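Trainee: Task: produce atomic coordinates for the following.
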Amino acid sequence: MTLAMRAVEMHGQRMWERERVQRVLAFMQRHGMNTLVLHESDLVHQLVYPRAYFDPYALWSDLPSRRGENAIFNRRAYFEHLLAMAGAAGVAVWVNVKEIGFSDEVFALHPEVFKNGAICPSEPFWTEYLGHKMDELFGDFPALAGLIVSFGSQESRASRVQKTCRCARCQEEPLVDWYARMIACLHAPIARHGKRLAVRDFAYKPADHAPLIEAVDAAPEDVIFCIKATPHDFYLGFPDNPAIRQVRRTQWVEYDVMGQFFGWGCMPCLVLDDLRRRMAHWQAHGVEGGIFRIEWERINDLDALDTLNEINLIGAAALARGQDIDAAQACRRWLAERGWDEGAAGWLAALLERTEPVVRRAAYIDGFVSADNSMLPRSIERAWWGMENRDSLAVWAPERAGDLQLDRRRLERALAEKDEALALARALVADVRRAAPAVDTRVQAFVQAGFAHFDTWVEGLELCAKVCLYARWLGDPQAGHREDDHKALSRLLEALERHADTVQALARTGSVPHQYIMLMDPRRAHDIIRDGRRIEAQALAVLGSPA
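Mentor: Predicted coordinates:
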C-alpha cells in the first residue's frame with residue numbers, strides 16, 4: 001500500500017520556529033513524505049484580518065480594528081517564508097483549523113452573534129464571514145495547498161455540538177444542515193482559488209458523528225474526508241474509526257505518533273504493531289492519505305523528533321510508502337540518521353517492543369482511558385467521568401457497556417492489571433539501565449535518559465488507578481466490602497503520598513524538564529489523596545467504624 005498523500009502534522013508552537021520547520025522538512029525529504037500539515041485552531045485569523053471587515057491601515061482611534069497588527073504582519077511574513085521553504089523541499093502545505101473561529105473584534109461589528117450569554121453558531125453572518133476569511137487566506141497565500149477544518153469540536157470558539165446557544169435558529173436547524181451550510185461556505189472560495197477542502201472528523205459521540213458523515217457524504221465530490229484512526233481521539237486500543245468505511249470519496253486518516261495518550265515520547269512507547277494493523281485496515285477501505293502528528297498543542301518545547309518516539313514516525317513513513325518494516329529496521333534507520341552504531345538496533349528494538357503493553361496497562365483500565373492525556377487524573381470523579389463520558393469507549397464499542405460496573409472479579413482483575421503494569425515497567429527499566437558492553441555508549445546514554453522516569457510515571461498511574469477503583473468500590477454500599485478493602489485503600493493513599501513526595505523532590509532539583517513533572521504532577525496526586533481520604537472516611541462511617 002502506497003498512500004498518495006503522506007503528511008507530517010505539526011500541532012504546536014514549533015511551527016512558528018524556522019529551524020524546527022527546517023528539521024521537519026529535512027526528515028520528510030529523507031523519508032519520502034510530501035505534505036506538511038500545520039494544525040492550530042485559530043491559525044487563519046492569525047494570518048488574515050479579513051480586510052472585508054477590518055482595515056489594516058486604520059488609525060488606532062478608528063474602531064473596530066484588529067489588535068496586535070504587528071504580530072499579524074510578522075506571522076504573515078513568516079508564513080510566506082515557510083511556504084517558500086516547503087515549496088523548495090517539494091512539500092505541499094495544508095492548514096488544519098477549527099471553525100467557527102474569529103477574533104474578539106468581530107463582536108464590535110456584529111454583536112447579534114452573542115445571545116443570552118452564548119455565541120450563536122447559527123447566525124447567517126458566520127457563513128459570510130468564513131467565506132471572506134477563506135477568500136483572503138488563499139488569495140494572499142497562493143502557495144497554500146488546502147484547508148482541513150473541524151466543525152464538530154468542543155475546542156472551537158463556536159460550534160453547534162457545544163449546545164450552548166438555545167436560540168430558535170439553533171433549535172430548529174438540523175445539525176446535518178448546519179454542517180452542510182458550513183462546508184458550503186468554505187468550499188466555494190477555496191475551490192474558486194483552485195485549492196482543496198478537507199473536512200475533519202472530530203466527534204465526541206456517535207450522535208455528533210452521524211450527521212457529520214451525512215453532510216460530508218452530500219458535499220461536493222472534491223471535498224476530502226479527514227478521519228482520526230480511532231473515534232473521538234487517539235486512544236490506544238480503541239476500535240478503528242467507523243467513519244473510515246462510511247463515505248465514498250477521498251479519505252485521509254490521522255494518527256498520533258508522538259503520544260498524547262501514551263506518554264508524549266517523554267515516556268517511550270513504540271506503536272509500530274498498532275500502526276501496521278490499522279494501516280492494513282485503511283488500505284482495505286481505499287484510504288489515500290495518512291497524516292502523522294508529532295506534537296500536541298497543550299505542551300511546548302517537545303515533539304516526537306526529540307525522543308525515541310521518532311521511531312514511530314520512521315515506521316509510519318515506511319508503511320505509508322508501501323514498505324513493510326519491523327522494529328529492528330525502524331531502529332536501524334533512526335540510529336543511522338543520528339550517526340550512531342546501527343548494530344544497536346536489535347538491542348533497542350527488543351526494549352521498545354516491551355513499551356506498548358506497559359502503557360496500555362498503566363494509562364488505561366481494561367482499555368478505558370483512565371489517565372488524563374497521559375497525566376495523572378485530576379480527581380477521582382474526573383477519572384470516572386473520563387472513562388464513562390468524555391473519553392468513553394463504550395459509546396464506540398457497545399459490547400463494553402457494562403465493563404466498568406465493578407464486582408469483586410472485575411475489581412481484582414483491574415488491580416492485577418495495574419500490578420502487572422508496574423512489574424513490567426520496573427523489569428524493563430532495569431534492563432535499560434543494565435550495561436550492554438556491545439552497544440554504543442552514546443546510544444545507551446540516550447536510551448537510558450529516555451527511560452529515566454518511566455517506572456516512576458507508571459507507578460503514579462498505577463497508584464491513582466487503584467485508588468480510583470477502591471473509591472468506586474467502597475462508595476457502593478451494596479458491593480460486599482471486606483475489612484481488608486478499607487485497609488488496602490489506606491495503604492494505597494500512603495503509598496501515593498510517598499510517590500508524590502518523590503516527584504516533588506525531583507521537581508525541586510530543577511534538572512527535570514517541565515513536561516516530565518507535568519506528566520507526574522504531585523499536585524494531582526495530592527488531589528487524588530484528598531478525594532480518597534474523604535471517600536475512605538465516608539465508607540468507614542457507613543460501617544460504623546471509627547475513621
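Trainee: From now on I want contacts and neighbour counts done on CA atoms only, so please keep to that.
Mentor: OK.
Trainee: Tell me the secondary structure of the nearest residue to Ala344 once chain neighbours are set aside, please.
Mentor: In space, and not counting its chain neighbours, Ala344 is closest to Val439: 5.5 Å by Cα to Cα, 6 or more residues apart in numbering. Secondary structure for Val439, judged by DSSP: H, G, I helix; E, B strand; the rest coil, is coil.
Trainee: For Val439, give me its contacts.
Mentor: Taking Cα atoms under 8 Å, 6 or more residues apart in numbering, we find Val439 in contact with 341, 343-344, 347.
Trainee: Which of those are buried, as a PyMOL select command?
Mentor: Buried subset of the contacts of Val439, written as a PyMOL selection, criterion 16 or more other Cα atoms under 10 Å:
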select buried, resi 343+344+347
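Trainee: State the distance from Leu36 to Met520.
Mentor: 32 Å (Cα to Cα, to the nearest Å).
Trainee: whoops, Ile380 was the one
Mentor: Ile380 is 16 Å from Met520, by Cα to Cα.
Trainee: cool, and Glu337?
Mentor: 31 Å.
Trainee: Give me the more crowded residue out of these two.
Mentor: Neighbours were counted for Glu337 and for Met520 using other Cα atoms under 10 Å; Met520 has more, 26 against 12.
Trainee: Need the nearest residue in space to that one, chain neighbours excluded.
Mentor: That would be Trp457: by Cα to Cα, 6+ apart, it lies 5.8 Å from Met520.
Trainee: what about the one you found, helix or strand, and which?
Mentor: helix 454-474 (DSSP states H and E).
Trainee: Now do the buried residues in the next helix or strand after that helix.
Mentor: Using DSSP H and E, the helix or strand that follows helix 454-474 in sequence is helix 483-508. Going by neighbour count (16+ other Cα under 10 Å), the buried part of helix 483-508 is 485-486, 489-490, 492-493, 495-497, 499-501, 503-504, 507.
Trainee: Strands along the stretch 251-400 of the chain, start to end?
Mentor: Secondary structure of the stretch 251-400 of the chain (DSSP state E, counting those that start in this stretch): strands at 251-256, 289-293, 364-365, 368-369.
Trainee: strand partners of the first one, parallel vs antiparallel please.
Mentor: Spelled out, that is strand 251-256. According to DSSP bridges, strand 251-256 forms sheet pairs with strand 224-228 (parallel), strand 289-293 (parallel).
Trainee: Could you export those as TSV, including mean neighbour count and mean pLDDT?
Mentor: Listed next are these as TSV, based on neighbours: other Cα atoms under 10 Å; pLDDT from 0 to 100:
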stretch	mean neighbour count	mean pLDDT
strand 224-228	25	97
strand 289-293	25	98
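Trainee: Gly90: which of these is closest?
Mentor: strand 289-293 (16.8 Å; Cα to Cα).
Trainee: contact partners of that closest one?
Mentor: 3-11, 37, 251-258, 313, 316, 320.
Trainee: which ones among those residues are found in helices?
Mentor: 313, 316, 320 (DSSP state H).
Trainee: out of those residues, which is most surrounded?
Mentor: Ala316 (30 neighbours).
Trainee: Run a quick neighbour tally on the nearest residue to that residue once chain neighbours are set aside.
Mentor: In space, Ala316 comes closest to Leu275 once its chain neighbours are excluded; the distance is 7.0 Å by Cα to Cα, 6+ apart. Other residues near Leu275 come to 19 when the count uses other Cα under 10 Å.
Trainee: same deal with His193?
Mentor: Count around His193 with other Cα under 10 Å applied: 16.
Trainee: List the contacts of it.
Mentor: Neighbours of His193 in contact, by Cα under 8 Å, 6+ apart: 135, 138-139, 142.
Trainee: What confidence value was assigned to it?
Mentor: Confidence at His193, expressed as pLDDT, is 98.
Trainee: Give me the phi and psi for it.
Mentor: Backbone torsions for His193, taken as degrees, to the nearest 10, come to phi -90, psi 10.
Trainee: same check, this time on the one 5 residues further on
Mentor: Ala198 adopts backbone torsions of phi -120, psi 130, taken as degrees, to the nearest 10.
Trainee: I'd say it and Glu221 touch.
Mentor: No - Ala198 is not in contact with Glu221 according to Cα atoms under 8 Å; the separation is 11.0 Å.
Trainee: Give me the contacts around stretch 520-537.
Mentor: 375-380, 456-457, 460, 464, 467-468, 471, 474-475, 486, 489-490, 493, 496-497, 500-501, 503-504, 547.
Trainee: And Glu388, how far from Arg382?
Mentor: Glu388 is 10 Å from Arg382, by Cα to Cα.
Trainee: for Phe262, same thing?
Mentor: Taking Cα to Cα, one finds Phe262 at 19 Å from Arg382.
Trainee: which one of these two has more residues nearby?
Mentor: Each of Phe262 and Arg382 has its neighbours counted (other Cα under 10 Å); Phe262 has more, 30 against 17.
Trainee: contacting residues around the closest residue to the more buried one other than its chain neighbours?
Mentor: Distance criterion Cα to Cα, 6+ apart; nearest residue to Phe262, sequence neighbours excluded, is Ser374 at 5.8 Å. Neighbour list for Ser374: 260-264, 363, 519 [criterion: Cα under 8 Å, 6+ apart].
Trainee: same deal with His31?
Mentor: 314, 317-318.
Trainee: which one among those residues gets closest to Met28?
Mentor: Ala317 (8.5 Å).
Trainee: Next up, the contacts around that closest one.
Mentor: By Cα under 8 Å, 6+ apart, the neighbours of Ala317 are 6, 31-33.
Trainee: Now the two most distant members of those residues.
Mentor: Greatest spatial distance among those (Cα to Cα): Arg6 and His31, at 9.8 Å.
Trainee: Could you check how many residues crowd around the residue lying closest to Gln154 once chain neighbours are set aside?
Mentor: Residue nearest to Gln154 in three dimensions, not counting chain neighbours: Gln162, with 5.7 Å by Cα to Cα, 6+ apart. By other Cα under 10 Å, the residues close to Gln162 number 14.
Trainee: what's the distance between Gln162 and Gln29?
Mentor: Look at Gln162 and Gln29: by Cα to Cα, they are 40 Å apart.
Trainee: what's the answer for Val369, then?
Mentor: Val369 is 36 Å from Gln29, by Cα to Cα.
Trainee: For the residue nearest to Lys228 when sequence neighbours are not counted, give its distance to Asp455.
Mentor: Once flanking residues are discounted, Lys228 sits nearest to Glu254: 4.7 Å by Cα to Cα, 6+ apart. Separation of Glu254 from Asp455 (Cα to Cα): 29 Å.
Trainee: for Ala218, same thing?
Mentor: 50 Å.
Trainee: And Arg277, by the same measure?
Mentor: Taken as Cα to Cα, the span from Arg277 to Asp455 is 28 Å.
Trainee: Of those two, which one has the most company?
Mentor: Between Arg277 and Asp455, Asp455 has the larger neighbour count (other Cα under 10 Å), namely 22 against 10.
Trainee: so who does the more buried one touch?
Mentor: 422, 425-426, 429 are the contacts of Asp455 under Cα under 8 Å, 6+ apart.
Trainee: For those residues, work out which two are farthest apart.
Mentor: Between any two of those (Cα to Cα), the greatest distance is 10.5 Å, for Leu422 and Val429.
Trainee: Neighbour count: these two, which is higher?
Mentor: Leu422 (25 against 17).
Trainee: Can you tell me how far the more buried one is from Trp457?
Mentor: The value you get for Leu422 to Trp457, if Cα to Cα is used, is 9 Å.
Trainee: can you check Ile365 too?
Mentor: From Ile365 across to Trp457, the span is 16 Å (Cα to Cα).
Trainee: Neighbour count for these two, which is higher?
Mentor: Trp457 (28 against 22).
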